[in-house]
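S.K.: sequence unknown, structure follows:
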């Protein structure tokens, strides 16, 4: 009797699995636990603990270069490619990395970094294991999802997405593909914020009544004057799914000295409310145990021109306010037994004894330690365990920011259902949860 096609495929699969197990066992016996097992023997999706992770960077502007620096000295990682719409930035990136890698190898030259105008060409490379997405916010969802579907693990800059629906799409893709995803809200790895989370969650402040979050202004409509388009940039690709905007150097500078202003505009970002809110609202969500939920009510200020004063309420009654409490970008938790203020430059409690009783090492060490958010992702890639700031967490924090922007823009009280991820009884607000992407 002939074997069925299905049974033959099952038999082939079992034989391949047995061969892989046999190879690994024999190699381990021969060389011990530190054996270097070639990736092609392990098969797609397997990564030996001793193997280097080949990394690609999408977006080679200021943040892309900052993030590439975080991985350059990591002996577990090799940056092999980058993608960018500026010719000059591609050339700078390639020259910088090849020069540094040559120096690391004590070699005269090194030619192992490729660059691409079109990011999809980078994703087509089977030798690339993971990518960093460091493009403007309006590109995050498309490029992250494309990367995961191409079999890559992803580190995506914050805020995770420019719309609520995009965030859900990223989180669902992670669940479907089982890729390792880290959101770039790196404050979760910093000692001062970890300490604040421990204090709030432990109940040492008593019952939390109110949280003040000071970050920048809501997003606004793009209003910069159109300037002549310089040579060396594919402006259509830069705009991508966003409207085809008039070029202005402030949002896409040839030479990056400070962070570009695309963050201010709703077509490409979420205002500084979202840009820094992805850090500070994130800390609030984390400390309050709301990583998989969010506020259920958003009450904007009565003045339609106001850029502070939005009140948000969680289902448990805790009030969170977008408010300047006079200490720069930061978070203040107000409890029945005390308060805690936390930012990148301070960590203080009232009474002071609350903080002092919680510190197990020198306070100066806590203030300086920034952990390693990037190694946390690399460790996840090797162990196949999700890192500290997953796509779901990043999505929920971005949702707070995006919903806040919607409330400021509409100027009316909104009721949010965190489970259904919809506004109750407000068609216009629900329409604003997503945008129609431009064909580019």
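M.R.: Good, I have the coordinates. Fair warning: this is a prediction, and the values are worked out from it, not measured in the lab. Residues are numbered from 1 along each chain as shown.

S.K.: Quick one: end-to-end distance for stretch 211-218.
M.R.: This stretch, stretch 211-218, spans 19 Å end to end (Cα to Cα, to the nearest Å).

S.K.: Any figure for the gap between the residue lying closest to residue 62 once chain neighbours are set aside and residue 220?
M.R.: In space, not counting the residues next to it along the chain, residue 62 is nearest to residue 256; the distance is 4.3 Å by Cβ to Cβ, 6 or more residues apart in numbering. C-betas here are computed from N, CA, C, even on glycine. Using Cβ to Cβ, to the nearest Å, residue 256 is found at 22 Å from residue 220.

S.K.: hmm, back to that, which pLDDT value goes with the residue nearest to residue 62?
M.R.: At residue 256, the pLDDT value in this model is 84.

S.K.: hang on, it is in a strand, isn't it?
M.R.: No. Judged by DSSP: H, G, I helix; E, B strand; the rest coil, residue 256 forms no part of a strand; its state is coil.

S.K.: burial count for it?
M.R.: Residue neighbour count, defined by other Cβ atoms under 10 Å, stands at 17 for residue 256.

S.K.: Is it in contact with residue 63, as I believe?
M.R.: No. With contact defined as Cβ atoms under 8 Å, residue 256 and residue 63 do not form a contacting pair (9.1 Å).

S.K.: ok, the residue nearest the centre of the chain - contacts?
M.R.: Among the residues of the chain, residue 183 comes closest to the average C-alpha position under Cα atoms, centre = their mean, at 2.6 Å. With contact set as Cβ atoms under 8 Å, 6 or more residues apart in numbering, residue 183 has these partners: 156, 158, 160, 389-391, 393-394, 397.

S.K.: how about these in CSV, adding pLDDT and neighbour count?
M.R.: Formatted as CSV, the entries for the contacts of residue 183 read as follows, by pLDDT from 0 to 100; neighbours: other Cβ atoms under 10 Å:
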residue, pLDDT, neighbour count
156, 99, 27
158, 98, 24
160, 98, 33
389, 98, 27
390, 98, 19
391, 98, 28
393, 98, 24
394, 98, 30
397, 98, 31
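
S.K.: With respect to residue 267, which of these is nearest?
M.R.: When these are compared for distance to residue 267 (Cβ to Cβ), residue 160 wins out at 17.4 Å.

S.K.: Which residue ranges of the stretch 1-150 of the chain form helices?
M.R.: Counting by DSSP state H, counting those that start in this stretch, residue ranges of the helices within the stretch 1-150 of the chain are 5-31, 39-42, 62-72, 87-104, 119-123, 140-149.

S.K.: Out of these, which gets the lowest mean score?
M.R.: helix 5-31 (a mean of 39).

S.K.: And for residue 424, nearest residue in space, chain neighbours not counted?
M.R.: Spatially, and ignoring its direct neighbours in sequence, residue 424 is nearest to residue 415 (4.1 Å; Cβ to Cβ, 6+ apart).

S.K.: Am I right that residue 402 is in contact with residue 166?
M.R.: No. In this structure, residue 402 sits apart from residue 166 without contact. The criterion is Cβ under 8 Å, and the distance is 9.1 Å.

S.K.: burial of residue 138, as a residue count?
M.R.: The criterion is other Cβ under 10 Å. On that basis, residue 138 has 27 neighbouring residues.

S.K.: Distance of it relative to residue 250?
M.R.: Distance from residue 138 to residue 250, counting by Cβ to Cβ: 16 Å.

S.K.: and if you look at residue 334?
M.R.: Residue 334 sits at a distance of 38 Å from residue 250 (criterion: Cβ to Cβ).

S.K.: try residue 302
M.R.: In this view, residue 302 and residue 250 are 32 Å apart by Cβ to Cβ.

S.K.: So the two - more neighbours on which side?
M.R.: When residue 302 and residue 250 are compared on other Cβ under 10 Å, the one with more neighbours turns out to be residue 250, at 13 against 8.

S.K.: tell me the pLDDT at the closest residue to residue 209 other than its chain neighbours?
M.R.: Residue nearest to residue 209 in three dimensions, not counting chain neighbours: residue 334, with 5.4 Å by Cβ to Cβ, 6+ apart. Reported pLDDT at residue 334 in the predicted model: 98.

S.K.: Check residue 37 too.
M.R.: Note on residue 37: pLDDT of 38.

S.K.: Residue 392 and residue 288, how far apart?
M.R.: Residue 392 sits 16 Å away from residue 288, going by Cβ to Cβ.

S.K.: Now the residue nearest to the centre of the chain. Nearest residue, chain neighbours left out?
M.R.: Once flanking residues are discounted, residue 183 sits nearest to residue 394: 3.0 Å by Cβ to Cβ, 6+ apart.

S.K.: quick one: contacts for that neighbour?
M.R.: Under the contact definition (Cβ under 8 Å, 6+ apart), the residues listed for residue 394 are 156, 158-160, 167, 170, 183, 185, 278.

S.K.: could I get those as a markdown table with distance to residue 426?
M.R.: Shown next, in a markdown table, are these (distance: Cβ to Cβ, whole Å):
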| residue | distance to residue 426 |
| --- | --- |
| 156 | 29 |
| 158 | 27 |
| 159 | 22 |
| 160 | 23 |
| 167 | 19 |
| 170 | 24 |
| 183 | 28 |
| 185 | 28 |
| 278 | 24 |
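
S.K.: Of those, which belong to strands?
M.R.: Secondary structure from DSSP state E places 156, 183 of the contacts of residue 394 in strands.

S.K.: Nearest to residue 55 among the contacts of residue 394?
M.R.: Checking these one by one against residue 55 (Cβ to Cβ), the nearest turns out to be residue 156, at 13.5 Å.

S.K.: contacting residues for that closest one?
M.R.: When contacts are counted by Cβ under 8 Å, 6+ apart, residue 156 is found next to 132-133, 140, 144, 170, 181-184, 391, 394.

S.K.: Quick check: nearest residue in space to it, chain neighbours excluded?
M.R.: Distance criterion Cβ to Cβ, 6+ apart; nearest residue to residue 156, sequence neighbours excluded, is residue 133 at 4.3 Å.

S.K.: before we move on, the earlier item: buried only: go through the contacts of residue 156 for me.
M.R.: Neighbour-count burial (16 or more other Cβ atoms under 10 Å) applied to the contacts of residue 156 gives 132-133, 140, 144, 170, 181-184, 391, 394.

S.K.: ok, so of these, who is nearest residue 59?
M.R.: Out of those, the member with the shortest distance to residue 59 (by Cβ to Cβ) is residue 133, at 6.6 Å.

S.K.: Grab the nearest non-local neighbour of residue 322.
M.R.: Counting by Cβ to Cβ, 6+ apart, the nearest residue to residue 322 once its immediate chain neighbours are dropped is residue 310, at 4.3 Å.

S.K.: Right, I'll leave it there.
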